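Colleague: quick one, fold the following:
(5 chains)
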Amino acid sequence: MTVTYSRRVADAGLGTFFHLLLRWKGSIYKLLYRELIIFTLLYYFFSIVYRFVLKDDQRRLFEKFSIYCDRYAELIPVSFVLGFYVTLVVSRWWGQFENVPWPDRLAALVGGHVRGDDEASRLTRRTLMRYANLSGVLIYRSVSTAVYKRFPTMEHLVQAGLMTSEELRHLEELRSPHNKFWVPCMWFVSLALRARTEGRINNDVALTALLTELNSLRAKCMKLYGYDWISLPLVYTQVVTVAVYSFFLACLIGRQFLDPAQGYSGHDLDFYLPVFTLLQFFFYVGWLKVAEQLINPFGEDDDDFETNWLVDRNLQVSLLSVDEMYDSLPLVERDMYWN
Amino acid sequence: MTVTYSRRVADAGLGTFFHLLLRWKGSIYKLLYRELIIFTLLYYFFSIVYRFVLKDDQRRLFEKFSIYCDRYAELIPVSFVLGFYVTLVVSRWWGQFENVPWPDRLAALVGGHVRGDDEASRLTRRTLMRYANLSGVLIYRSVSTAVYKRFPTMEHLVQAGLMTSEELRHLEELRSPHNKFWVPCMWFVSLALRARTEGRINNDVALTALLTELNSLRAKCMKLYGYDWISLPLVYTQVVTVAVYSFFLACLIGRQFLDPAQGYSGHDLDFYLPVFTLLQFFFYVGWLKVAEQLINPFGEDDDDFETNWLVDRNLQVSLLSVDEMYDSLPLVERDMYWN
Amino acid sequence: MTVTYSRRVADAGLGTFFHLLLRWKGSIYKLLYRELIIFTLLYYFFSIVYRFVLKDDQRRLFEKFSIYCDRYAELIPVSFVLGFYVTLVVSRWWGQFENVPWPDRLAALVGGHVRGDDEASRLTRRTLMRYANLSGVLIYRSVSTAVYKRFPTMEHLVQAGLMTSEELRHLEELRSPHNKFWVPCMWFVSLALRARTEGRINNDVALTALLTELNSLRAKCMKLYGYDWISLPLVYTQVVTVAVYSFFLACLIGRQFLDPAQGYSGHDLDFYLPVFTLLQFFFYVGWLKVAEQLINPFGEDDDDFETNWLVDRNLQVSLLSVDEMYDSLPLVERDMYWN
Amino acid sequence: MTVTYSRRVADAGLGTFFHLLLRWKGSIYKLLYRELIIFTLLYYFFSIVYRFVLKDDQRRLFEKFSIYCDRYAELIPVSFVLGFYVTLVVSRWWGQFENVPWPDRLAALVGGHVRGDDEASRLTRRTLMRYANLSGVLIYRSVSTAVYKRFPTMEHLVQAGLMTSEELRHLEELRSPHNKFWVPCMWFVSLALRARTEGRINNDVALTALLTELNSLRAKCMKLYGYDWISLPLVYTQVVTVAVYSFFLACLIGRQFLDPAQGYSGHDLDFYLPVFTLLQFFFYVGWLKVAEQLINPFGEDDDDFETNWLVDRNLQVSLLSVDEMYDSLPLVERDMYWN
Amino acid sequence: MTVTYSRRVADAGLGTFFHLLLRWKGSIYKLLYRELIIFTLLYYFFSIVYRFVLKDDQRRLFEKFSIYCDRYAELIPVSFVLGFYVTLVVSRWWGQFENVPWPDRLAALVGGHVRGDDEASRLTRRTLMRYANLSGVLIYRSVSTAVYKRFPTMEHLVQAGLMTSEELRHLEELRSPHNKFWVPCMWFVSLALRARTEGRINNDVALTALLTELNSLRAKCMKLYGYDWISLPLVYTQVVTVAVYSFFLACLIGRQFLDPAQGYSGHDLDFYLPVFTLLQFFFYVGWLKVAEQLINPFGEDDDDFETNWLVDRNLQVSLLSVDEMYDSLPLVERDMYWN
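Modeller: You can find the predicted model right below:
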């Protein structure tokens, strides 16, 4: 489920964002605690080795190695590469949200242009919208793990009322190795054309408007497909991961508290708890987690798009729009500001 | 209320931006003074503890800890992460403003294409525009705390003249758990179709243009809904907040003036007032406040969009456009440059 | 007046940009010299105080304070915050330019679709274009100080031939507290509809195309209005200003040449002229000046858009387009490449 | 073949990105191992020379030179310039993907608007779609090395069924030195017009919709052509390459482990394996490789767009859409939610 | 001529970008060698003065000044300001390319909608396209130095067959101080309307589609004009130039090799050749050259758009499209995949 906190930050007051730190769901803590535990354990493993296991001359060696690590850890431009990478991931994430197909606009046109109160007309309108929804769901099945889990086979779509067995048979009979999300779109076209011939759609401008709107919906489906197909280049993700992981690898050794007695600069005191290193871990790995969470927003993370909710909402709203709401109109009366 | 200062900065003169520092409303001072007071109090609390409470050897420990804190405070890339984060928040903020639905374009089409001087025609035009406005207000109620406060129940919308009781009854009778902002759009469609049948709209091109424009408006409403539903991932906000807060936590200790007599490098003098740390606080927390203020621009901050003003303005202008202004035209006469 | 130097930089040669340093109009020197003088005077004021006024132990104190200032000045991420802020301002600046309404496209449609050589037709075409221009000017009056100075009252618009007294009377009679730039648009709609009824516009597709184009123009006007209404949040501007000003405040003390005899590191020599500090001033304050100049491009800076020129050009070109150029066509003859 | 890993990162769990480090195909290792080997060999060459070949005073010189190199290596803002450059390359890469022409929308319109079950009608529909596909392939041949290898001559297009010999003859007879991808578009126009005349397309709105859609496709082809023609300025790519290469040149000398006995600061220990320098190499050159891979996404890299697959998919889907799927419609029956 | 190297970088292999370093045309070397020579000469001038001209105490002074310069050179955020500035320039550069008017889409519509095989129809089609091209060329003349050199007077346009003398006369007779690129557009409108009246264009939808397409072309012309008129603010360019130049001014002194005998830290060795300073020069000035080259892409740099080629190509392709290709269609026969 998407974590919405807009209302909590509507007004900027005293420590508005501070309150957000106290949430668990979708939070940095929930995402990070395992990594943090592993890092802490490893840190104390090395710490114990250094303090209790190593002999004196080994310690001196370790100390020099630690200082060496610390010096180079600072050369790794983690924040820089994370800044650019996360910006990129965020822009793709929002790009995907903007291409989520909502059939509302189409429903308005179908409800307006496909006329008739008889059953055949109702059937036409409902079926047109069902096709449009079906097309979206077929795409979701291939990009969203959540939707795929809900509809592991096409049969499940039939059971959910998104398609009829007859339609499934048609779909499966079509020989093509490629994703068939476009087939319901072609059915839509055929049905719309039939409605035009039968006069339910009574002019060509309306028909063209309908097809154009359908094509917009279809274009959005293809864009989602494209985002899924063309991931961010693996190399980029690897570069960023290598940078962050090697930084913390270096920190495991380099941020150990060394024996103050040896007088290394910046090692005057032994605090046991590397509080700032842990904060840095929190901070950099948290930033990386932002990317991990957003790189595929169609999964089941706390912050991913609720595609299953979308499927239900869109089907319901589009059927309501073209059937119950067809030609429905409250009494038109004078408003309060009349004259 | 939005803080507009465009006119004050129309010309770049001597210290144009300097004058802006002297404003209170919507200013950094107003947003920050509480945090600044808390920070200052905490700072002096530690200062007093260090100077008067601690014993000598405790002081030495504190001094070492202070130096340790100071060194790591500088490792936290606050400005970097703030730069990227605020840029993102600002782009969403403007994206939301660009999707605020203005019914002006629709009003021009309704005023142009729905013909007739009789009461039924006037009623049709006014009601069409009222529906378009109502749809927007229903969205505002769910995204804007200011509008929600003004119209806490649907009944308030009836009282404000945005809908009739009859319409409210229709709306409530529709069984659907989802936001119903789209219902007035479907009424619009039905009424427009009726107007077409009755000949008030006398051609299909005009009808299609009307529905297309309505759909643009509806798309904007859905985008606002999307911005509200899909917040910036909580993790990102938390990462930034953690970075800023931990930086200043480190500063509370690390920027204390240490006893000059101890000869720590960079601690030659005791100024009592940590002027640059306070400036940094001002500066970094101010930057964070930019994000806090913009992350939900539909609240009641000084700088948020005035949605209630928008509601009033849009209703008035759209009714004026399609009623008073209908077919109104000053005498068409030769202009000054004729021949 | 806008400073155009595209032609000067058409080819990248030896020091192409170097030549630009020699210009005065719209230059950094013209914008900055006052601030630079103030800064220099203040710098030498402190310098003189340090060298001639202070006593020896006060000097030691000053020196320590100076070193303290210098150290913290470097902690202020001026270039970072300026980089992000200016990028934002520049993108808004260009966004505003892209929304400047040019009536050229509308003129082509009016010239094409409103047929007839008689005076009434000419009058219709000219008046339609005048309305479109008037709408733009009404917006300019509210966003541009330059246009406002030229037309301080509506009466001035009448005198300039942009509207008739009759139109002004109509405009003023309309009771509405909101900006009325949309009223001429509604007149346009009414006049276009009348032209359709009278057959001057002979088909509905053309009429719809005209209204759509008018709506694009109107949308641009509203965007300009939006940019003016929703300024960049004051807090952001204040944060940046505080950062830059406090940096130079710190520099006033921190960049003083200290007595070389005291042997402070980096203070081996007394050059009297702080050339690099002045360069930094030049550079950072210049960057801030970019923002000051662009944040409202409708003022009267050297680099602001020439809105008054636009008003004149647009009126002339649109009247020429629909009147002199109406149905004007040079003899159509074979071109050079015929067969 | 494009490397798709969206599904692997659907949920952010423990070390989601860590798993990606274990892949070979399209990975940083595959792209980098040759450069890494060369760099390592060169590093050890200098190392051996320093340790075993040089005489004592030559060593002292080498050591000084090494320290000099190291100091300046840090002055080169590699991460900065890479950040900006890669961001730019990535945005062009995605821009190119967004302009890949998919004929699906056109197929929906052709299938809908070109009526008739007879062979001539089928022929018209299939040929129209073939023209649209052919136009895309002609562009691919000029921008994609993969497609060019598959169709080294136009004759290959005939053999692949994308065009007929007759069409090839026409194409070759047209005298023009410029890319002829637009010729099939003109054939499309002619054929569509003929279909209109013969009544297969039965109204003008549909015809215009078809031509508009064709033009969108054509515009995308031209954009791809533009991206190919106007590369990122060579200078920018050279600047970045010079920065990265000179950084590692400096590292070859500057990151040598110097004799600890000489007591150079930061050279307390000789580890033989410059692990952090190699990580930096991995990291910076990997970042550059991202750019190398994306700068022309129409090659045959692991991560390039699979243009040949696109050619096949598009041809098949568009023929299926307008032929097999023409007027095909499963039995329209009541859906599950009827009443 | 534009430097296209896409094909050279199609596949990311061993040192893909390295090969690009070996090119001369459009390269960093060609752009930079003069600046580099000047910088090197100045460097050695100061070097010789320091080594051979100055007396001992003057040398000590010079050394202190050199260290002072070096320290402040590092404070100038050259890479930062260049990064932001070049990103901005690049986005404008690509924005300009995207607004280059290609008449191809219009040609498809003219070829499709203006019917008739007789000479008058051919003449109409050719003349319409010639007008569209002429409009583009008139804009090019005012923004592109290359096109302006080719057509220094309007008479040259007549000679090149882009307009007839009659048309030139008409153009010159129109009294208007503003750029007249829009006049051929109005001729286009008049001619299209005449064609509609004469029945060559046989429906209103087609006519409107034609005018809309013309308006898109015209809008692009105006955007090019806008980019030319509203340069990047001079101040920004000056700020960047000042930063880069003052950095290298400081380097001229600050990067001199000082007498190792004096024991200044970091000055242990005299290498005579300041290889890293030269690399930095190469690198920063190269980055600035990217901006110099792209800030006006309509000049005659190696990497500028080939506007003259565009003029020729567009005229030829558009005449071919509407004349030779008019109604031309290869025999429509069954494709390879028929059934």
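
Colleague: how many residues are close by residue A:117?
Modeller: 8 (other Cβ atoms under 10 Å in any protein chain shown). Backbone N, C-alpha and C define where each C-beta goes, glycine included.

Colleague: same thing with residue A:293?
Modeller: Residues near residue A:293, counting by other Cβ under 10 Å, number 26.

Colleague: what helix or strand is it on?
Modeller: According to DSSP states H and E, residue A:293 maps onto helix A:275-294.

Colleague: tell me what that helix is packed against?
Modeller: The contact analysis (3 or more Cβ pairs under 8 Å, 6 or more residues apart in numbering or on different chains; DSSP states H and E) places helix A:275-294 against helix A:28-48, helix A:78-98, helix A:234-254, helix B:234-254, helix D:16-20.

Colleague: so residue A:40 sits against residue A:275, correct?
Modeller: No. Applying Cβ atoms under 8 Å as the test, residue A:40 and residue A:275 come out as separate, 11.5 Å apart.

Colleague: now the strands for chain A?
Modeller: Secondary structure of chain A (DSSP state E): no strands located.

Colleague: which residue does the stretch 101-250 of chain A have closest to chain C?
Modeller: As assessed by Cβ to the nearest Cβ, chain C sits closest to residue A:205 within the stretch 101-250 of chain A, at 8.9 Å.

Colleague: that residue: what's it in contact with?
Modeller: Residue A:205 makes contacts with B:204-205, B:207-208, D:205, as judged by Cβ atoms under 8 Å, 6 or more residues apart in numbering or on different chains.

Colleague: to residue A:141, which of the helices and strands packed on helix A:275-294 lies closest?
Modeller: helix A:78-98 (15.9 Å; Cβ to Cβ).

Colleague: by contact count, what packs against the closest one?
Modeller: Taking 3+ Cβ pairs under 8 Å, 6+ apart as the contact definition, the neighbouring helices and strands of helix A:78-98 are helix A:204-229, helix A:234-254, helix A:275-294, helix B:78-98, helix D:78-98.

Colleague: and of the ones you listed, who's closest to residue C:242?
Modeller: Checking the helices and strands packed on helix A:78-98 against residue C:242 by Cβ to Cβ gives helix B:78-98 as the closest, at 13.8 Å.

Colleague: so what's residue A:268 up against?
Modeller: When contacts are counted by Cβ under 8 Å, 6+ apart, residue A:268 touches A:260, B:64, B:67-68.

Colleague: rerun that using 10 Å as the cut-off
Modeller: Applying Cβ atoms under 10 Å, 6 or more residues apart in numbering or on different chains, one finds that residue A:268 lies in contact with A:257-258, A:260, B:60-61, B:63-65, B:67-68.

Colleague: just the buried ones among those, please.
Modeller: When burial is judged by neighbour count using 16 or more other Cβ atoms under 10 Å in any protein chain shown, the buried members of these are A:257-258, B:63-65, B:67-68.

Colleague: want to try a markdown table for these, with distance to chain C and pLDDT as columns?
Modeller: Compiled in a markdown table, the buried ones among the contacts of residue A:268 are given as follows (distance: Cβ to the nearest Cβ, whole Å; pLDDT from 0 to 100):
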| residue | distance to chain C | pLDDT |
| --- | --- | --- |
| A:257 | 26 | 90 |
| A:258 | 26 | 88 |
| B:63 | 17 | 90 |
| B:64 | 20 | 88 |
| B:65 | 20 | 89 |
| B:67 | 14 | 88 |
| B:68 | 17 | 87 |
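
Colleague: widest-spaced pair of those residues?
Modeller: Farthest apart among those by Cβ to Cβ are A:258 and B:63. That separation is 18.8 Å.

Colleague: quick one: the closest residue to residue A:239 other than its chain neighbours from residue D:76, how far?
Modeller: Once flanking residues are discounted, residue A:239 sits nearest to residue D:286: 4.2 Å by Cβ to Cβ, 6 or more residues apart in numbering or on different chains. Relative to residue D:76, residue D:286 is positioned 17 Å away (criterion: Cβ to Cβ, to the nearest Å).

Colleague: and whichever residue of the stretch 151-300 of chain A sits closest to chain B, how many neighbours does it have?
Modeller: For the stretch 151-300 of chain A, the nearest residue to chain B under the criterion Cβ to the nearest Cβ is residue A:276, separated by 3.7 Å. Under the neighbour criterion other Cβ under 10 Å, residue A:276 is assigned a count of 21.

Colleague: one more: residue A:30?
Modeller: Around residue A:30 sit 16 other residues, with neighbours defined as other Cβ under 10 Å.

Colleague: read off the pLDDT value for it.
Modeller: Looking at residue A:30, its pLDDT is 86.

Colleague: residue contacts, it?
Modeller: Listed by Cβ under 10 Å, 6+ apart, the contact set of residue A:30 reads A:23-24, A:289, A:302, B:234-235, D:12.

Colleague: next one: residue A:224
Modeller: By Cβ under 10 Å, 6+ apart, residue A:224 lies in contact with A:95-96, A:99-101, A:136, A:139-140, A:142-144, A:181, A:298.

Colleague: before we move on, what about residue A:312?
Modeller: By Cβ under 10 Å, 6+ apart, residue A:312 lies in contact with A:160, A:306, B:177-178.
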